[in-house]
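*Asks:* sharing a model that was predicted from the sequence below.
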Amino acid sequence: MQIRKFKFRSKILLLFVLFWTVAITVRLFYYTTYERNYFLKQGDKIAWRKGIVPAARGKILDRNSIPLAWTERCFDLKVEKKAAISLNRQNVLKQIEAIFPNLQSGNEEEGVLIKKNLNPEQIEKIKAIVIGSKGVRIVPRLERRYVDYKEVRKYLGSVKELDGKFSGVSGVEEKNDSELSGTDSEFTFMLDRTGKMIQGTSKILKEMIPGKDVTLDLSLEEIKNLNGKNE
Amino acid sequence: MEKMNEEQTNFIDSRKRSHLFVYIYAILFILGLWGCLAVYNATVYSHSPFHFAIRQFIWLLIGIVVLIFSSRIPFPIYKKYAFHMGIVAYFLLVVVLFFGIKVNGMRGWFDCGAFYFQPSEIAKPVFILLLCILNDKSQKWVMHLLVMLSLTVFSIIPIAFEPDYGMIMIYAAGFIIVYFLGGGSSLIVISAVLLGILMTTVELAGKSYIMNRFLGFINPSGYPFDIGWHIMQFKYTLARGGFWGTSWGNSFWSNAYLPLAYNDSAFAALTEAIGFVGVLPVLLGFSILPYIGYRLSCKIKDNCAALFIISMLSLILFQALIHISVNTGLFPPTGITLPMFSYGGSSLVSTMFGAGIILSAASGKENNSSTDKLRFQNPDSA
């Protein structure tokens, strides 16, 4: 091995390494400093999400503070049809049908079988199956409830629900909608690549203000009689 | 003032060398600790954040023992038993194809219960040593080329069956480095590089997952949620780091989005933690390795030792630069790890073993029976 050749070629190698290192350094600077903001924004679009926690809708009370309208949390059982084949293989569907013989079909597009309004005893029975199986879920939902008088319900009106948020469309519900609605809470959070929320990343942007209760000037009996007189 | 005689000079030199070796052991240990910290940082939000870091630390301790032990073996012993080591290494490369386990589609590891062992990593320094010995022995250029090329092809064959294309690239680079520095024909080197590119292209066309990696590299923003995902995540992770970094343990993006942050994407994960200012010394530290090799080589009498020192250091650098180039979007993903920083015991021990042989070669305990040794001049006096 000739010394001169060795030294010359070593210098060529060192020069090659130098150019490569410079190229990497420039590239690194580009991403970490020069165009950093652009790539940060691109990344934020993937990762950060805004969430809304709807404010609890206020109650409607009569003059004697008897609740006429209120919001309740209900639980539904959802079984995805897409997961039906694997659930069948594991005999999970049979176990579910043994507990709930008449599962309804839900929205055809979603392909979901549902059992609405589970009571605590039913939740206990199905909990073990839900924990162990993909495609079986207990989904919470809010529902607006009214006293069981047709005349009163007509007077109180109704609400429509959109993304867990109620808004009044007729009657007392509509007239006092802003008072009953309250202010939703807004928060941001980061998702990981599997779509799960990363603990410790949520930040509250707006605190929730629950809806106020509305007390009517009339009593329950007066409201019942009110509709009768109008007719 | 009397001039010191040769014996006194040699004694002082050997004392200086001993101190230097202790510094080098310490530097490599600290570098390895930094690597453990990098692994922890990349997995801090996982279900067991210390799992990988503790294992890496154990491998580091093993690596340090290997380093100290291998650096104390005189280099002539390595030369004498290189062929035997080569046989053992090759045997392991073949056996792993039958008894190894498959990880990510590659059958390249032995499952030893508590740990995995990758023979192609450990065989790397032995391969380079054999190339340097063959370079030293062959005189005619045809034999020089044929013998070295045959060893390279022979070594690559079992790796190709795993298949580990990243490792094939490293072995091929090792051949080119040794052949080039050892005085081989430049034309052959250029032809080898072009042939390598041609064969890679043919391979790309044949394997859809490699073609996908290449397409994702060419236009990552065109397929941001698909084949370009990994490349885009590199960019987002580097941007997260910025100039100063997010600090150790705050690497959200590496943990949440960056695939294989403790391994194939170690450099990007490191950048998120310590920023541009933190990783620049790492990059420069790797880049200075061949220069150190060059300076050491110029002081060594033994051709083979000199060539091994600069070649092995250059190969470590090559591996590091490929990894960093992938992480900065200059190269398509290859699966090549960052020496000392990526999680992997075999890679760490292999690097330490290579460093040990380098120290042994640099210690100056030459084989005085070598017939074609030449004395290198000190570059400062040239």
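*Replies:* Received, thanks. Numbering: from 1, shown residues only, chains lettered A, B, ... in the order given.
*Asks:* tell me, how many residues neighbour B:Val126?
*Replies:* 25 (other C-beta atoms under 10 Å in any protein chain shown). Quick note: C-beta positions are derived from backbone N, CA and C, even for glycine.
*Asks:* so it sits right up against B:Met85, yeah?
*Replies:* Yes - B:Val126 lies in contact with B:Met85 (C-beta atoms under 8 Å); the separation is 4.8 Å.
*Asks:* and the contacts of stretch B:18-27?
*Replies:* Residues external to stretch B:18-27 that are found in contact with it (C-beta atoms under 8 Å, 6 or more residues apart in numbering or on different chains): B:Ile64, B:Leu67, B:Ile68, B:Ser71, B:Ala355, B:Leu359, B:Ser363.
*Asks:* wait, a helix at A:Gly51?
*Replies:* No - under DSSP: H, G, I helix; E, B strand; the rest coil, A:Gly51 sits outside any helix and is assigned strand.
*Asks:* any idea what it is bridged to?
*Replies:* Beta bridges link A:Gly51 to A:Phe187, judged by DSSP bridges.
*Asks:* burial of it, as a residue count?
*Replies:* By other C-beta under 10 Å, the residues close to A:Gly51 number 14.
*Asks:* and for A:Leu68?
*Replies:* 23.
*Asks:* residue boundaries of the strands in chain A?
*Replies:* A:48-53, A:60-61, A:67-80, A:104-105, A:112-115, A:136-146, A:159-162, A:165-168, A:185-190, A:203-206, A:214-215 (DSSP state E).
*Asks:* which of the residues in the third one are buried?
*Replies:* Of the residues in strand A:67-80, those buried under the neighbour-count criterion (16 or more other C-beta atoms under 10 Å in any protein chain shown) are A:Leu68, A:Ala69, A:Trp70, A:Thr71, A:Phe75, A:Asp76, A:Leu77, A:Lys78, A:Val79, A:Glu80.
*Asks:* near chain A, which residues of the stretch 1-150 of chain B?
*Replies:* Residues of the stretch 1-150 of chain B found near chain A (C-beta under 8 Å from any C-beta of the partner chain) are B:Tyr45, B:Asn135, B:Asp136.
*Asks:* likewise the stretch 151-300 of chain B?
*Replies:* Residues of the stretch 151-300 of chain B lying near chain A by C-beta under 8 Å from any C-beta: B:177, B:180-183, B:232, B:235-236, B:238-243, B:252-253, B:255-257, B:271, B:275-276, B:279-280, B:283-284, B:287, B:290-291, B:294, B:297-298.
*Asks:* out of these, which are inside helices?
*Replies:* Cross-referencing those against helices under DSSP state H gives B:177, B:180-181, B:232, B:235-236, B:238-241, B:252-253, B:255-256, B:271, B:275-276, B:279-280, B:283-284, B:287, B:290-291, B:294, B:297.
*Asks:* my read: A:Ser170 touches A:Arg153, true?
*Replies:* No - checked against C-beta under 8 Å, the pair A:Ser170 and A:Arg153 is beyond contact range at 10.5 Å.
*Asks:* who's more crowded, these two?
*Replies:* A:Arg153 (17 against 14).
*Asks:* show me the contacts for the more buried one.
*Replies:* A:Tyr146, A:Val147 are the contacts of A:Arg153 under C-beta under 8 Å, 6+ apart.
*Asks:* mind running it again at 7 Å?
*Replies:* By C-beta atoms under 7 Å, 6 or more residues apart in numbering or on different chains, the contact set of A:Arg153 is A:Tyr146.
*Asks:* for B:Gly356, same thing?
*Replies:* B:Val66, B:Leu67, B:Phe69, B:Ser70, B:Ser71.
*Asks:* excluding sequence neighbours, find me the nearest residue to it.
*Replies:* B:Ser70 (2.8 Å; C-beta to C-beta, 6 or more residues apart in numbering or on different chains).
*Asks:* now for that neighbour, how many residues are close by?
*Replies:* 19.
*Asks:* ok, the one 3 residues further on next?
*Replies:* Burial measure for B:Ile73: 16 neighbouring residues, criterion other C-beta under 10 Å.
*Asks:* residues touching it, list them.
*Replies:* B:Ser360.
*Asks:* may I have the phi/psi pair for it?
*Replies:* phi -80, psi 130 (degrees, to the nearest 10).
*Asks:* now it: how far from B:Val22?
*Replies:* Per C-beta to C-beta, to the nearest Å, B:Ile73 is found 17 Å from B:Val22.
*Asks:* quick one: low-confidence parts of the chain?
*Replies:* In the absence of a named chain, chain A is used. A:1, A:83-90, A:103-111, A:227-231 (pLDDT under 70).
*Asks:* sorry, should have said chain B
*Replies:* B:1-17, B:138-140, B:204, B:364-382.
*Asks:* show me where it has helices.
*Replies:* Assigned helices in chain B, in chain order: B:6-42, B:50-72, B:75-99, B:119-137, B:141-161, B:165-181, B:186-206, B:208-218, B:229-241, B:252-256, B:266-287, B:289-297, B:303-327, B:345-362 (criterion: DSSP H).
*Asks:* in the last one, what counts as buried?
*Replies:* Judged by neighbour count (16+ other C-beta under 10 Å), helix B:345-362 contains these buried residues: B:345-362.
*Asks:* could you check the angle helix B:303-327 makes with that helix?
*Replies:* 150 degrees (axes from the mean of the first three to the mean of the last three C-alpha atoms, to 10 degrees).
*Asks:* likewise for the fourth one?
*Replies:* Between the axis of helix B:119-137 and that of helix B:303-327 there is an angle of 140 degrees, by the same axes, to 10 degrees.
*Asks:* can you spell out which helices and strands pack onto helix B:119-137?
*Replies:* helix B:75-99, helix B:141-161, helix B:165-181, helix B:303-327, helix B:345-362 (3 or more C-beta pairs under 7 Å, 6 or more residues apart in numbering or on different chains; DSSP states H and E).
*Asks:* and these, which is most packed in?
*Replies:* Highest mean neighbour count of the helices and strands packed on helix B:119-137: helix B:303-327, a mean of 26 (counted as mean count of other C-beta atoms under 10 Å in any protein chain shown).
*Asks:* for it, which helices and strands make contact with it?
*Replies:* Packing partners of helix B:303-327 (3+ C-beta pairs under 7 Å, 6+ apart): helix A:3-29, helix B:119-137, helix B:165-181, helix B:266-287, helix B:289-297, helix B:345-362.
*Asks:* how about the ones you listed, which one is nearest B:Ala306?
*Replies:* Among these, helix B:289-297 comes nearest to B:Ala306, with 3.9 Å by C-beta to C-beta.
*Asks:* packing partners of the closest one?
*Replies:* Going by 3+ C-beta pairs under 7 Å, 6+ apart, helix B:289-297 lies up against helix A:3-29, helix B:303-327.
*Asks:* and the angle for the last one with helix B:229-241?
*Replies:* Regarding helix B:303-327 and helix B:229-241, their directions subtend 90 degrees when assessed with the same axes, to 10 degrees.
*Asks:* what angle do helix B:303-327 and helix B:165-181 make?
*Replies:* Going by the same axes, to 10 degrees, helix B:303-327 makes 140 degrees with helix B:165-181.
*Asks:* likewise for the longest one?
*Replies:* With the same axes, to 10 degrees as the basis, helix A:3-29 and helix B:165-181 are set at 140 degrees to each other.
*Asks:* what residues sit buried inside helix A:3-29?
*Replies:* For helix A:3-29, by 16+ other C-beta under 10 Å, it's A:3, A:6-7, A:9-10, A:13-14, A:17, A:20-21, A:24-25, A:27-29.
*Asks:* can you redo the helices and strands packed on helix B:289-297 as TSV with distance to A:Ala128?
*Replies:* Shown next, in TSV, are these (distance: least, C-beta to C-beta, whole Å):
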stretch	distance to A:Ala128
helix A:3-29	52
helix B:303-327	45
